[in-house]
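Trainee: got a predicted structure plus its sequence, pasted below:
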Amino acid sequence: MKPIQHIFILAVALLSFEISAQSSIEPVESTIQFNDGTRPCIQVNLDPEPKTLKKAWAEYLNSNYDLKLKGIGMLSNKDLLSAETVTVNQISSNTIDFYTHIVEDRNGSEMKVFARFGYDMYITKENYPTEYKAMLEMLESFMKFYIPTYYQAEIDDTEKRVEKLTEEKESLVKDIDNKTDEIEELRVEILARETSLAENKQQLEETEEKLNVRKEKLERIRIQLRKL
């Protein structure tokens, strides 16, 4: 098996493992520091990077719940996304303040979702079980929709990268082959020139020897002529 195929198989295997591991993660009850107090929230830790996750979450809420979050957009990327004094019928017929806090953690993103009816009336599992369940289901439905989509995009990107690397490898191999042919041609040419040079040197030596013989002969003729 070629090295490039090993890379692709390993990448897909790792992504498949991450998808399986990520799917097993469930939102849990937690707390967050907000407005000078410890507030209840639902927390989940996901692999996507914060900005990617924020955009996906905002688009999902807008498309499925007509809920528009502030804090993420072309010129904005805040840790705290908010939609204050809004009505989310899936949660409650009363207006609420809906918040999501997303920051980077060791593996990707820490995501905390919380809401309140008033300044100090936060939705909890104990005080507002129906609303809490609805909010939890909202987050879980997002995860079921988004996580597979996210990893499919990662797989597609990996395939493109592998394809590009394969093309680069083939180009390099072709280039090396061409250079090897050029080197071999140069070696043949150098050998031919070395042979020609050796032949020319031999011919020069023979010519010099003939020239010396002719000079000696010419000198003898001149001596003979002076005696006449």
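Mentor: Received it, and whenever you're ready, just let me know what you need.
Trainee: quick one, longest helix in this protein?
Mentor: Ranked by residue count and defined by DSSP state H, the top helix of the chain is helix 129-227.
Trainee: what helices or strands is that helix leaning on?
Mentor: In terms of contacts (3 or more Cβ pairs under 8 Å, 6 or more residues apart in numbering; DSSP states H and E), helix 129-227 is packed against helix 3-23, strand 38-46, helix 50-65, strand 109-116. For every residue, glycine as well, the C-beta is placed using N, CA and C.
Trainee: in its sheet, what does the second one sit against?
Mentor: So that's strand 38-46. Partner strands and pairing direction for strand 38-46 (DSSP bridges) are strand 28-33 (antiparallel), strand 109-116 (antiparallel).
Trainee: and those as JSON lines, adding mean pLDDT?
Mentor: What follows is the strands paired with strand 38-46, written out as JSON lines (pLDDT from 0 to 100):
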{"stretch": "strand 28-33", "mean pLDDT": "96"}
{"stretch": "strand 109-116", "mean pLDDT": "97"}
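Trainee: export those strands to JSON lines and tack on mean neighbour count and distance to Ala58?
Mentor: Formatted as JSON lines, the entries for those read as follows, by neighbours: other Cβ atoms under 10 Å; distance: least, Cβ to Cβ, whole Å:
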{"stretch": "strand 28-33", "mean neighbour count": "13", "distance to Ala58": "19"}
{"stretch": "strand 109-116", "mean neighbour count": "22", "distance to Ala58": "12"}
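Trainee: let me have the ones you listed in TSV, extended by distance to Asp47.
Mentor: Written out in TSV, the entries for these read as follows (distance: least, Cβ to Cβ, whole Å):
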stretch	distance to Asp47
strand 28-33	17
strand 109-116	8
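Trainee: which one of these lies closest to Lys174?
Mentor: Distance to Lys174, taken as Cβ to Cβ, is lowest for strand 109-116 among the strands paired with strand 38-46, at 42.8 Å.
Trainee: low pLDDT regions in the chain?
Mentor: Counting by pLDDT under 70, the chain contains low-confidence ranges at 1-24, 210-211, 213-214, 217-218, 220-222, 224-228.
Trainee: of all the strands paired with strand 38-46, which lies closest to Leu81?
Mentor: Going by Cβ to Cβ, the one of the strands paired with strand 38-46 nearest Leu81 is strand 109-116, 9.6 Å.
Trainee: can you give me the offset of the closest one from its chain's centre?
Mentor: Between the mean C-alpha point of strand 109-116 and the mean C-alpha point of its chain there is a distance of 28 Å (Cα atoms, centre = their mean, to the nearest Å).
Trainee: may I have that strand as PDB, with CA atoms only?
Mentor: Taking only C-alpha atoms (Å, rounded to 0.1, in the frame of the first residue of the first chain), the coordinates of strand 109-116 have been written out as PDB:
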ATOM      1  CA  SER A 109     -15.000  24.300  22.400                       C
ATOM      2  CA  GLU A 110     -16.800  24.600  25.700                       C
ATOM      3  CA  MET A 111     -20.400  25.600  25.000                       C
ATOM      4  CA  LYS A 112     -22.700  26.800  27.700                       C
ATOM      5  CA  VAL A 113     -26.400  27.600  27.100                       C
ATOM      6  CA  PHE A 114     -28.600  29.400  29.600                       C
ATOM      7  CA  ALA A 115     -31.700  31.600  29.700                       C
ATOM      8  CA  ARG A 116     -33.800  33.700  32.100                       C
END
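Trainee: ok so, going back, out of the strands paired with strand 38-46, the one nearest Trp57 is which?
Mentor: Trp57 lies closest to strand 109-116 among these, at 7.6 Å (Cβ to Cβ).
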